[in-house]
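Q: generate coordinates for the sequence data below:
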Amino acid sequence: MKFTCLSKGRGFHFPPCHILNFCGIRILLDCPLDLSALLAFSPIPTLDCLSIVESYNTEANDFDSRAAFGKRQKIEKLLHAKNLLFAEPWYKTVNNLQLWNSSFIDVVLISSPMGIMGLPFLTRMKGFSAKIYVTEASARLGQLMMEDLISMHGEFRHFYGPEESNFPSWLRQEELEILPSELREIILGKDGLELGGWMPLYSAADVKDCMLKTHTLNYAEEACYNGTLVIKAFSSGIEIGSCNWILNSPKGDTAYVSGSSFISAHAMAFDYRSLQGACALIYSDFSLGDTQDSADGDNYSVSAAKLQSISSQDLAGFNHNSDENAEEKEKLDFICSNTINCIKEGGSVLIPIDRLGTILLLLEEMTASLEASDLKVPVYIISSMAEELLALLNIIPEWLCKQRQEKLFAGEQLFAHVKLLKEKKIRVVPAIHSQELLINWQEPCIVFCPHWSMRMGPVVHLLRRWCGSPKSLLILEQDILNLELALLPFQPVTMKVLQCLFPSGIGLRTVQPLLKLLRPKTVLCPEELRLQINLSSENSFSVLYYTEAETLKVPYRKHNSEIKIATDLASQFYWKTFKKEEISITKLKGELRMENARHHLLLETDNKNSSSNSRSSEHCGLPDSEKLMAALSKMGISGNIQHGMSDTKSQTVSIIHIEDPYKASIEIGTTGTIITTAQENVASSIYKIIDNILNAV
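A: Numbering: from 1, shown residues only. Down below sits the predicted model:
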């Protein structure tokens, strides 16, 4: 097996991406988009900013006439909103994936809704014909997210108009050289080699074509590829429909652990039991990149003591106990308390969070907190996909956690938003300019809307409205690593900003106990894990560490193969037992087939009952030269034994030279016995003598 890490990812919104060559089948594990790269672009400018856009375009057109000294001078300036790219954004895909010929990929496995965001770029490529497997829930959620992205991106196309060329001016080398270092690193990467990953956004037709090529699965449902590979998905607990994978083949099985979570108040629990005992386990939980706490002096961050990732687990059984759920609820309560304080001061709250589970839980907690505080303020959800998404949540109970399913059996609603919509305590509208929103708009209010990058969607308009209000509150996710750059287009920002760290994977303290429980033979871990966790040699498994763009050869420890034989057929076999070798053997004639990653034995009809009666010509072991010499002497054949090596490539144990009554030689080697003589009847006689002293089948 060969394994190549194309991208280690960066948090929930940009999961890792890998290529696996398993039994000669090339498998792509996830195909995400790095939407954090949108920070390099400016949102749609306002009328006050149009002069900046005109200036930007003039500078781009007149670049060749500018002096080199003037270009260098621009680099020395501090990062300013006018340094952002005033152009229709392109989107950053996994750069290393562009180095692979898409026609060589056989299978694509999608582990979460975020892992499908870059797939239309791949499926529209010429020659792409891979089978795509994704859980039914992830496929539906991922499609809604891609359609919402296209809808929000439409504002840029409406403002900037059609592109004049297929190569935007901001991608030219001379333009990149004058950008501030922060923006240049986003576009080119730290090593300066990521320029090839940028692509214009796909269309709605591309998304539709992509989804038609997918094969949806339920948890634990088997899908067989090419008769040699069985693929199964099991819940990872990080989001509705997210999964880990098990790949079974006659050569062994491989488990793939993507972003997972033991604690979930909405999604089905992490099914770790189904991953136990694999020959190889690929550990690719993306929470490893989120281990640094916020700086104490950061004005935009809450202290790590208040909003920390949940990591204490029941290591004996990894149970979802009430203490863990209480810790999660405590974090949500902290966010809600800040929201209530903001509302009481007369400010509004803006929440551009795209995590479905987090939105659902915050909706429940916030509306409960508002009722307890006797505050009556409107709660808006502004998104083109919100209405369809909330309706979908009512018909997918099989993808939810046990607590939610119990509500269904008790006749209760799966989520609180159903009741809240009926009571009009929350309002769902598709766009910020919709008539319903304009008629019912009230402030202060609480607004859930996309996009967390703060470069497109309703959040841009609402941020411009409230950024100068110190009474208002903006709640962000920890995935935004450069908060200063994210808020740059809206400066000066006087509103309060709360940056929250939501659970995005298995806690580091739980990794080693989990691996011990799963008992794989070989574990593949990201190189970063080597410095954070001591996977000592006391473990029963071997550990291989991987880095980006490097291929690992992974050895298998499975020495035995299995074959499926019908019970009535197996009962007819005539078995010969060799005590010395401790094996049993029988002679068969038939066809060996591969089906559903298993070998199947089909005997010919004529030979099913004849195996025990037919004369055998197969032998096990080597003839003992002394016993053979004694048997030859009884038949009146004389000769001598010579021990040593022959001129052939195979090692020879001994050679018997026969002198009387005829000339012959018997060469006993490690791989077989060779009879050499000028007469066929002599060879036949010697063969019968050897046959009598060997174990025959």
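Q: make it CA atoms for all contacts and neighbour counts henceforth
A: Will do.
Q: ok, Gly259 touching Phe286?
A: Yes - if you go by C-alpha atoms under 8 Å, Gly259 and Phe286 touch, sitting 5.4 Å apart.
Q: need the residues touching each of those two.
A: 12, 15, 504-505 (C-alpha atoms under 8 Å, 6 or more residues apart in numbering).
Q: filter the residues you listed down to the buried ones, ChimeraX style.
A: In ChimeraX, this line selects whichever of these come out buried by 16 or more other C-alpha atoms under 10 Å:
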select :12,15,504,505
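Q: which one's the longest helix in this protein?
A: helix 136-160 (DSSP state H).
Q: mind listing what's buried in that helix?
A: 136-153, 155-156.
Q: repeat for stretch 416-434
A: For stretch 416-434, using 16+ other C-alpha under 10 Å, the buried residues are 416-418, 420, 426-432.
Q: could you do stretch 206-225 as well?
A: 206-207, 210-211, 214, 216-219, 222-225.
Q: go through those residues and flag which are in strands.
A: The strands, defined by DSSP state E, take in 214, 216-217, 222-225 from the buried residues of stretch 206-225.
Q: reformat these as a markdown table; add distance to Ile641 and pLDDT.
A: Formatted as a markdown table, those follow (distance: C-alpha to C-alpha, whole Å; pLDDT from 0 to 100):
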| residue | distance to Ile641 | pLDDT |
| --- | --- | --- |
| Thr214 | 69 | 97 |
| Thr216 | 69 | 96 |
| Leu217 | 67 | 96 |
| Glu222 | 60 | 94 |
| Ala223 | 60 | 94 |
| Cys224 | 57 | 92 |
| Tyr225 | 56 | 92 |
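Q: His13 should be in a helix, yeah?
A: No - going by DSSP: H, G, I helix; E, B strand; the rest coil, the assignment for His13 is coil, not a helix.
Q: low-confidence stretches in the stretch 1-150 of the chain?
A: 47-77 (pLDDT under 70).
Q: rewinding a little: sort out which of the buried residues of stretch 416-434 are in strands and list them.
A: Reading strands off those with DSSP E, I get 426-429.
Q: now do the domain split for the protein, please.
A: 2-42+84-320+505-553, 324-500, 563-602, 619-696 (automatic domain parsing).
Q: helix, strand or coil: sort out Ile246 for me.
A: strand.
Q: quick one, helices of the stretch 251-400 of the chain?
A: Secondary structure of the stretch 251-400 of the chain (DSSP state H, counting those that start in this stretch): helices located at 322-344, 356-372, 386-392.
Q: for the record, mean pLDDT for the second one?
A: Averaging pLDDT along helix 356-372 yields 89.
Q: tell me the helices and strands packed up against that helix.
A: helix 322-344, helix 417-422 (3 or more C-alpha pairs under 8 Å, 6 or more residues apart in numbering; DSSP states H and E).
Q: could those helices go into TSV alongside mean pLDDT?
A: TSV is the format used below for those (pLDDT from 0 to 100):
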stretch	mean pLDDT
helix 322-344	78
helix 417-422	87
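Q: tell me the most buried of the ones you listed?
A: Comparing those on average neighbours per residue, with mean count of other C-alpha atoms under 10 Å, the densest one is helix 322-344 at a mean of 17.
Q: quick one: which helix or strand includes Cys5?
A: strand 2-7 (DSSP states H and E).
Q: that older thread, nearest to Ile25, of the buried residues of stretch 206-225?
A: Tyr225 (9.3 Å; C-alpha to C-alpha).
Q: mind checking how far that closest one is from Lys2?
A: From Tyr225 across to Lys2, the span is 18 Å (C-alpha to C-alpha, to the nearest Å).
Q: with Ile446 instead?
A: 50 Å.
Q: more neighbours: those two, which one.
A: Taking other C-alpha atoms under 10 Å, Ile446 and Lys2 do not tie; Ile446 has more neighbours (23 against 15).
Q: any chance of the buried residues of stretch 206-225 in CSV with distance to Ser36 as columns?
A: CSV is the format used below for the buried residues of stretch 206-225 (distance: C-alpha to C-alpha, whole Å):
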residue, distance to Ser36
Asp206, 22
Val207, 21
Cys210, 23
Met211, 24
Thr214, 26
Thr216, 28
Leu217, 30
Asn218, 31
Tyr219, 31
Glu222, 35
Ala223, 34
Cys224, 36
Tyr225, 35
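Q: which one of these is nearest to Asn394?
A: When these are compared against Asn394 (criterion: C-alpha to C-alpha), the nearest one is Asn218, at 17.3 Å.
Q: Ile238 reaches Ser258, doesn't it?
A: No - with contact defined as C-alpha under 8 Å, Ile238 does not reach Ser258; the gap is 9.3 Å.
Q: contacts only, for Ser261.
A: By C-alpha under 8 Å, 6+ apart, the neighbours of Ser261 are 236-238, 269-270, 503-506.
Q: how far away is it from Leu97?
A: Distance, Ser261 to Leu97, using C-alpha to C-alpha: 27 Å.
Q: in space, what's closest to Gln491 - neighbours in sequence excluded?
A: Cys467 (7.7 Å; C-alpha to C-alpha, 6 or more residues apart in numbering).
Q: what residues are up against Leu247?
A: 229-232, 253-255.
Q: sorry, slip of the keys, the one I care about is Glu548.
A: 4-8.
Q: could you export the strand or helix carrying Tyr133 as PDB, CA atoms only?
A: Using DSSP H and E, Tyr133 sits in strand 131-135. Extracted in PDB, the C-alpha atoms of strand 131-135 (Å, rounded to 0.1, in the frame of the first residue of the first chain):
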ATOM      1  CA  LYS A 131     -16.500   6.200  -8.500                       C
ATOM      2  CA  ILE A 132     -17.500   8.700  -5.800                       C
ATOM      3  CA  TYR A 133     -18.800   7.400  -2.500                       C
ATOM      4  CA  VAL A 134     -20.400   9.700   0.100                       C
ATOM      5  CA  THR A 135     -23.000   9.200   2.800                       C
END
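Q: going by neighbour count, list what's buried in that strand.
A: Those would be 132-135, for strand 131-135 by 16+ other C-alpha under 10 Å.
Q: tabulate those residues (a markdown table), appending distance to Cys23.
A: Output for these, formatted as a markdown table (distance: C-alpha to C-alpha, whole Å):
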| residue | distance to Cys23 |
| --- | --- |
| Ile132 | 18 |
| Tyr133 | 18 |
| Val134 | 21 |
| Thr135 | 23 |
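Q: may I ask you to name the longest strand in the chain?
A: strand 652-660.
Q: that one pairs with which strands, parallel or anti?
A: Using DSSP bridges, strand 652-660 pairs in its sheet with strand 638-643 (antiparallel), strand 664-669 (antiparallel).
Q: any idea which of those gets closest to Trp452?
A: Using C-alpha to C-alpha, the strands paired with strand 652-660 put strand 664-669 closest to Trp452, at 72.3 Å.
Q: what's downstream of that closest one, the next helix or strand?
A: Downstream of strand 664-669 (by DSSP H and E), the next one is strand 673-677.
Q: and whatever helix or strand comes next after that next one, what's buried?
A: Toward the C-terminus, strand 673-677 is succeeded by helix 680-693 as the next helix or strand (DSSP H and E). Within helix 680-693, the residues that count as buried by 16+ other C-alpha under 10 Å are 683, 686, 690-691.
Q: with just CA atoms, put helix 680-693 into PDB.
A: Written as PDB, here are the backbone C-alpha positions of helix 680-693 (Å, rounded to 0.1, in the frame of the first residue of the first chain):
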ATOM      1  CA  GLU A 680      11.700 -42.700 -20.400                       C
ATOM      2  CA  ASN A 681      10.900 -46.000 -18.700                       C
ATOM      3  CA  VAL A 682      13.800 -45.700 -16.400                       C
ATOM      4  CA  ALA A 683      12.600 -42.200 -15.300                       C
ATOM      5  CA  SER A 684       9.100 -43.700 -14.700                       C
ATOM      6  CA  SER A 685      10.500 -46.400 -12.500                       C
ATOM      7  CA  ILE A 686      12.500 -44.000 -10.400                       C
ATOM      8  CA  TYR A 687       9.500 -41.700 -10.100                       C
ATOM      9  CA  LYS A 688       7.300 -44.500  -8.700                       C
ATOM     10  CA  ILE A 689      10.000 -45.200  -6.000                       C
ATOM     11  CA  ILE A 690      10.100 -41.500  -5.000                       C
ATOM     12  CA  ASP A 691       6.300 -41.500  -5.100                       C
ATOM     13  CA  ASN A 692       6.100 -44.300  -2.500                       C
ATOM     14  CA  ILE A 693       8.400 -42.600   0.000                       C
END
